[in-house]
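S.K.: Sharing a model prediction with you, sequence too.
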Amino acid sequence: MRHPFTNLFFLFASFSALSQNFKTYDQKINNSITFKMVALPAGEFQIGSKSILADTDEVPVKEIELSAFWMGEHEVTFEEWDLYFNDASLPQSKTIDGITRATPQYIDLTWGMGRDATHPVNSLSQQAAMMYCQWLYSRTGFFYRLPTEPEWEYACKSGSSKDGESLKEYGYFKENSESKFHHVKEKRPNQWGLYDMLGNLSEWTLDQYDPVRYASMALKDPMTTPAAKYPRVVRGGSYLDGASQLRCSNRIPSDAKWNQRDPQIPKSRWWLTDGMFVGFRVVRPLVQPSKEEIEKFYGLYLK
């Protein structure tokens with residue numbers, strides 16, 4: 001008869017083997033395009049800050065624990081995005097049924113700021129970012145998604161700048177951006193090795209925006225699941241924001257006004273006519289969910 005701890009032993013052995021391979025790696029998408037995923041170890045940290053209406057010195061609100069995960073070294077670029085956007089094997093539609101390509105932009109949503117290979121992709125909805133993640137999963141077999149708010153803040157708070165002068169070394173914002181976004185990796189990385197966590201483009205997270213969520217937040221791997229299209233949370237501030245907005249704990253709720261000039265009825269599910277400051281980066285958890293769990297997860301965000 002199998003010993004009662006046999007299954008537990010194999011589970012521990014499997015996790016130990018996985019942990020030994022937990023290191024920064026390059027993810028290949030095709031023969032010429034790769035992106036770096038930075039390993040962030042499990043840990044505890046203090047999430048939150050004072051109200052943005054008070055001073056901007058951050059103070060702990062709650063201590064939480066996060067499991068290990070990988071995060072994209074930089075914001076997703078047009079070079080990476082266009083492999084998905086130009087994938088002719090996928091249908092291109094206003095509706096979402098399975099893995100679907102985003103519809104074409106009817107105007108230049110970079111507004112002349114640049115669309116080079118290493119410019120970060122911008123002006124896209126949370127759904128568009130999540131569809132890219134699902135496409136990436138179909139290409140690589142690895143479960144990619146957007147970061148939760150706590151994951152994003154944990155990644156940002158390593159070696160972050162606290163004053164306006166040194167902030168210029170780490171990110172583009174109102175004072176040094178010349179009112180446009182810039183190529184990724186032009187500024188210094190933080191201590192994790194992550195670029196542009198503050199500034200350049202604001203970044204989508206998974207979470208629904210809840211102004212008082214910290215009070216009831218779970219202590220291990222928390223997230224606020226979506227309940228409505230608006231507001232969801234972006235983080236990091238952008239090239240349009242002042243230095244006071246570029247704080248690791250600053251939570252920015254999405255707004256329907258980010259797509260107010262879209263003349264389509266219904267409005268695009270993919271693009272933001274007035275959200276030229278929004279982009280995203282991807283994460284991958286150390287422990288991959290089952291195929292069924294992954295499909296359910298994507299379905300929650302793409303329905």
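M.R.: Alright, I've got the coordinates.
S.K.: For the closest residue to T148 other than its chain neighbours, list the residues it contacts.
M.R.: Closest residue in space to T148, ignoring its immediate chain neighbours: M223 at 4.2 Å, by CB to CB, 6 or more residues apart in numbering. Backbone N, C-alpha and C define where each C-beta goes, glycine included. Residues near M223 by CB atoms under 8 Å, 6 or more residues apart in numbering: T148, E149, P150, L206, D207.
S.K.: Check which element follows the worst-scoring helix or strand of the chain on mean pLDDT along the chain.
M.R.: Across the helices and strands of the chain, mean confidence by mean pLDDT, DSSP states H and E is lowest for helix 6-20: a mean of 45. For helix 6-20, the following helix or strand on the C-terminal side (DSSP states H and E) is strand 25-28.
S.K.: That next one: how far from the chain's middle?
M.R.: Chain-centre distance of strand 25-28: 17 Å, with CA atoms, centre = their mean, to the nearest Å.
S.K.: So which bits of the helix or strand just after it are buried?
M.R.: Next along the chain after strand 25-28, taking DSSP H and E as the criterion, comes strand 34-40. Going by neighbour count (16 or more other CB atoms under 10 Å), the buried part of strand 34-40 is F35, K36, M37, V38, A39, L40.
S.K.: and the residue nearest to T148, what element?
M.R.: Here M223, judged by DSSP H and E, is contained in no helix and no strand.
S.K.: what's the helix or strand harbouring W81 packed up against?
M.R.: Under the criterion of DSSP H and E, W81 resides in helix 78-85. Packed against helix 78-85 by the contact rule (3 or more CB pairs under 8 Å, 6 or more residues apart in numbering; DSSP states H and E) you find helix 126-140.
S.K.: buried stuff in the helix it packs on?
M.R.: Buried residues in helix 126-140 (16+ other CB under 10 Å): 126-137, 139.
S.K.: Doesn't E151 lie inside a helix?
M.R.: Yes: E151: assigned to a helix according to DSSP: H, G, I helix; E, B strand; the rest coil.
S.K.: burial of it, as a residue count?
M.R.: 24 (other CB atoms under 10 Å).
S.K.: Give me the pLDDT for the nearest residue to L136 once chain neighbours are set aside.
M.R.: Sequence neighbours aside, Y144 is the residue nearest to L136 in space, at 4.5 Å (criterion: CB to CB, 6+ apart). Per-residue confidence (pLDDT) for Y144: 98.
S.K.: Quick check: Y144 touching R281?
M.R.: No: in this structure, Y144 is not within contact of R281 by CB atoms under 8 Å, at 10.2 Å.
S.K.: neighbour count winner among those two?
M.R.: The neighbour comparison of Y144 against R281 (other CB under 10 Å) goes to R281, with 27 against 22.
S.K.: what is the nearest residue to that one once chain neighbours are set aside paired to in the beta sheet?
M.R.: In space, and not counting its chain neighbours, R281 is closest to G72: 4.0 Å by CB to CB, 6+ apart. Judged by DSSP bridges, the bridge partners of G72 are M37.
S.K.: and of the contacts of M223, the nearest to K94?
M.R.: K94 lies nearest to L206 out of the contacts of M223, by CB to CB, at 23.5 Å.
S.K.: Please confirm that that closest one is located within a helix.
M.R.: No: applying three-state DSSP, one finds L206 to be strand, outside a helix.
S.K.: Quick check: it vs S290, distance?
M.R.: 19 Å (CB to CB, to the nearest Å).
S.K.: I107 too?
M.R.: 41 Å.
S.K.: got it, and E151?
M.R.: 20 Å.
S.K.: repeat for I99
M.R.: On the measure of CB to CB, I99 and S290 end up 19 Å apart.
S.K.: Please say which of these two ends up with more neighbours.
M.R.: I99 (19 against 9).
S.K.: That one touches Q134, doesn't it?
M.R.: Yes: in this structure, I99 is within contact of Q134 by CB under 8 Å, at 5.8 Å.
S.K.: of all the contacts of M223, which comes closest to S93?
M.R.: L206 (23.8 Å).
S.K.: residue contacts, the closest one?
M.R.: Counting by CB under 8 Å, 6+ apart, L206 touches R145, L146, P147, T148, E149, M223, P226, Y301.
S.K.: any idea where the strands of the stretch 101-250 of the chain begin and end?
M.R.: 202-208, 232-235 (DSSP state E, counting those that start in this stretch).
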